[in-house]
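Asks: okay, sequence plus prediction incoming.
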Amino acid sequence: MKLDSKYFDRIRISPEPQTLQADEPTCEWEGCCRAGAYRAPKGRHQEGKYFKFCLDHVRDYNKSYNYFAGMPEAEVTAYQRSAFTGHRPTWSMGVNGATSGRETYRRTWSADLHDSFGIFGGFGANRHEPPPSQRPLKNLERKSFAALDLDGHETQTEIKARYKSLVKKLHPDANGGDRSFEDRLREIIQAYNHLKAAGFC
């Protein structure tokens, strides 16, 4: 390859030294007089503010930069957990939706609406509430209620109260060690566990 080739000259480019132009700020690193063309964040509680450094000093600054310096460990953990959702409020999912913040918010803004057709979840002032529909029982659920001597329309507290009273009554410790009620006790425990898994209690 010829040393005076135009292609060889193009790839032999030496970087120009950093020189300070008239409109550029100087590097804010102590003792440096080069151009401060690179920004570095000033730190926590100074968001949007930056130091101006040259390339070498911005690299040194970034190596030692710690946003959480001086922050207690509990606050760092809380900040990191909140960062998973972008520092926005969240609501838990599940069966207790009425107690969530989302439901409360919806109730407050729609309470004054005239909601004749129940579009907004029935929080309108003039909506007539239909009687609560009873959940149809499956065969195993009906047998579980029968094992607890219940009809199937009882509330959670009534089911739990019946279960506790039957267990206290049939437990061998309450009967002087008599084990003749063990099968009945086992049936009651299985029935209660099935109702609990099905969401009745």
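Replies: Ah, there it is.
Asks: show me what counts as buried in stretch 45-65.
Replies: Applying a neighbour-count criterion of 16 or more other Cβ atoms under 10 Å, one finds 51, 52, 53, 54, 57, 58, 61 buried in stretch 45-65. (Each C-beta comes from the backbone N, C-alpha and C, glycine too.)
Asks: ramachandran coordinates for the fourth one?
Replies: This means residue 54. Dihedral angles of residue 54 (phi, psi; degrees, to the nearest 10) stand at phi -80, psi 170.
Asks: what's the answer for the one 3 residues further on, then?
Replies: Backbone geometry at residue 57, expressed as degrees, to the nearest 10, gives phi -80, psi -30.
Asks: quick one: contacts for it?
Replies: Counting by Cβ atoms under 8 Å, 6 or more residues apart in numbering, residue 57 touches 27, 29, 32.
Asks: can you read off the pLDDT for it?
Replies: If you check residue 57, the pLDDT there is 91.
Asks: name the nearest of the buried residues of stretch 45-65 relative to residue 36.
Replies: Set against residue 36, the nearest of those by Cβ to Cβ is residue 52 (3.3 Å).
Asks: was I right about the closest one contacting residue 34?
Replies: No: look at residue 52 against residue 34 with Cβ atoms under 8 Å: they stay out of range, at 10.6 Å.
Asks: identify the contacts common to the two.
Replies: Taking Cβ under 8 Å, 6+ apart as the contact rule, residue 52 and residue 34 both touch 26, 27.
Asks: before we move on, back to that, in ChimeraX, select just the buried ones from the contacts of residue 57.
Replies: To isolate the buried ones among those in ChimeraX, judged by 16+ other Cβ under 10 Å, type:
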select :27,29
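Asks: want to throw the contacts of residue 57 into JSON lines with secondary structure and distance to residue 92?
Replies: Formatted as JSON lines, the contacts of residue 57 follow (DSSP: H, G, I helix; E, B strand; the rest coil; distance: Cβ to Cβ, whole Å):
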{"residue": "27", "secondary structure": "coil", "distance to residue 92": "50"}
{"residue": "29", "secondary structure": "coil", "distance to residue 92": "49"}
{"residue": "32", "secondary structure": "coil", "distance to residue 92": "53"}
